[in-house]
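Asks: structure of the sequence below:
(one chain, ligands or ions: 2)
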Amino acid sequence: MWCSVLKLLVVSGFFGSGKTTFIINAAKRLVAEYGLKVAIIVNDVGEIGIDDKIINSYGLKVKELFGGCVCCQLGEDMIKTLRLVDRRIKPDLAVLEPSGAADPSQILSVVSLAKNFELEMLPLIILVDATQLMLLLSEMPLTIRKVAFGEIVLINKVDAVSPEELSEVKKEVEKINRSAAIRPISARREEDIKSIIEMLKIKDGRVETKIRKN
Ligand SMILES: Nc1nc2c(ncn2[C@@H]2O[C@H](COP(=O)(O)OP(=O)(O)OP(=O)(O)O)[C@@H](O)[C@H]2O)c(=O)[nH]1
Ligand SMILES: [Mg+2]
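Replies: Ligands and ions are numbered 1, 2, ... in the order given. Okay, here's the model as predicted:
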């Protein structure tokens, strides 16, 4: 019996860290250059999928890319949504943007609970806003500790900080997460998106990277 496996990329991070910007730019590239069918799953319908301005400016084909733009909350609903996306859209890759308040460890445990359902997680990406990290560390230290769960930590908005500020932020991120691949990027820059996609090892229209399998 043929059995599909849903490849899932989770792009987490605090509010405003640049998740949507990263996902849209990465998805656009995955569609155009790798020929992948990408489903984007966000918490808020309307957050990205139906904004005409974004769609037009990126020249995206709405149905292909946003076919999977569905409401999702953590827990059973998330699994139901993933199943639905798998069955109805059959994407090569599903990209999930959890709310900025979501706890990445909770997402991982929900995913591991998925039964009778083939799901492969790509490395968990966590975005950090380089312009906000020092402030968040002092005001909301517990929130920023969640960065420890990332397998790839993207220090975003490097265009908006000085080299000195970036190096300070990088040191702090390294203290919080010693095992992640840490990359400074601007989610607005094509070349940065390209290099992160290369880390996901996509070959012949297939996502090869496989970190977890439930
Ligand atoms: N300077 C700069 N701004 C960026 C970059 N990436 C994203 N932004 C801006 O940061 C703001 C938040 O970006 P989003 O992509 O909406 O962030 P998000 O994490 O999806 O936000 P929420 O869904 O509200 O949590 C927007 O105004 C973006 O244009 C970047 O690389 N550099
Ligand atoms: Mg967003």
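Asks: can you count the residues close to Ile155?
Replies: For Ile155, the neighbour count with other Cβ atoms under 10 Å is 23. Backbone N, C-alpha and C define where each C-beta goes, glycine included.
Asks: tell me which element it is part of?
Replies: strand 152-156 (DSSP states H and E).
Asks: what strands line up against that strand, and which way round?
Replies: Strand 152-156 sits in its sheet next to strand 125-129 (parallel), strand 181-184 (parallel), going by DSSP bridges.
Asks: wait, a helix at Thr81?
Replies: Yes. Assessed by DSSP: H, G, I helix; E, B strand; the rest coil, Thr81 belongs to a helix.
Asks: wait, isn't it in contact with Ile40?
Replies: No. Thr81 lies out of contact with Ile40 (Cβ atoms under 8 Å); the separation is 11.7 Å.
Asks: give me the more crowded residue out of those two.
Replies: Higher neighbour count among Thr81 and Ile40: Ile40, with 27 against 19, using other Cβ under 10 Å.
Asks: rounded mean pLDDT for the host helix or strand of Ile197, please.
Replies: Element membership for Ile197 (DSSP H and E) is helix 190-199. Averaging pLDDT along helix 190-199 yields 96.
Asks: please save the CA atoms from it in PDB.
Replies: Extracted C-alpha coordinates of helix 190-199, given in PDB (Å, rounded to 0.1, in the frame of the first residue of the first chain):
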ATOM      1  CA  GLU A 190      17.600  36.400  -1.300                       C
ATOM      2  CA  GLU A 191      21.200  35.100  -0.800                       C
ATOM      3  CA  ASP A 192      20.500  34.500   2.900                       C
ATOM      4  CA  ILE A 193      17.300  32.600   2.200                       C
ATOM      5  CA  LYS A 194      19.200  30.500  -0.400                       C
ATOM      6  CA  SER A 195      21.900  29.500   2.000                       C
ATOM      7  CA  ILE A 196      19.400  28.400   4.600                       C
ATOM      8  CA  ILE A 197      17.500  26.300   2.000                       C
ATOM      9  CA  GLU A 198      20.700  24.700   1.100                       C
ATOM     10  CA  MET A 199      21.000  23.500   4.700                       C
END
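Asks: give the buried residues for that helix.
Replies: By neighbour count on 16 or more other Cβ atoms under 10 Å, the buried set for helix 190-199 is 192-193, 196-197.
Asks: what's it packed up against?
Replies: Secondary-structure packing of helix 190-199 (3 or more Cβ pairs under 8 Å, 6 or more residues apart in numbering; DSSP states H and E): helix 19-32, strand 152-156, strand 181-184.
Asks: in stretch 169-183, what's buried?
Replies: Residues of stretch 169-183 classed as buried by neighbour count (16+ other Cβ under 10 Å): 169-170, 172-173, 176-177, 180, 182-183.
Asks: got the end-to-end distance for it?
Replies: End-to-end span of stretch 169-183 (Cα to Cα, to the nearest Å): 12 Å.
Asks: direction included, what does the longest strand along the chain pair against?
Replies: Longest strand in the chain, counting residues (DSSP state E): strand 6-13. Note on strand 6-13: by DSSP bridges, its sheet partners are strand 93-97 (parallel), strand 119-121 (parallel), strand 125-129 (parallel).
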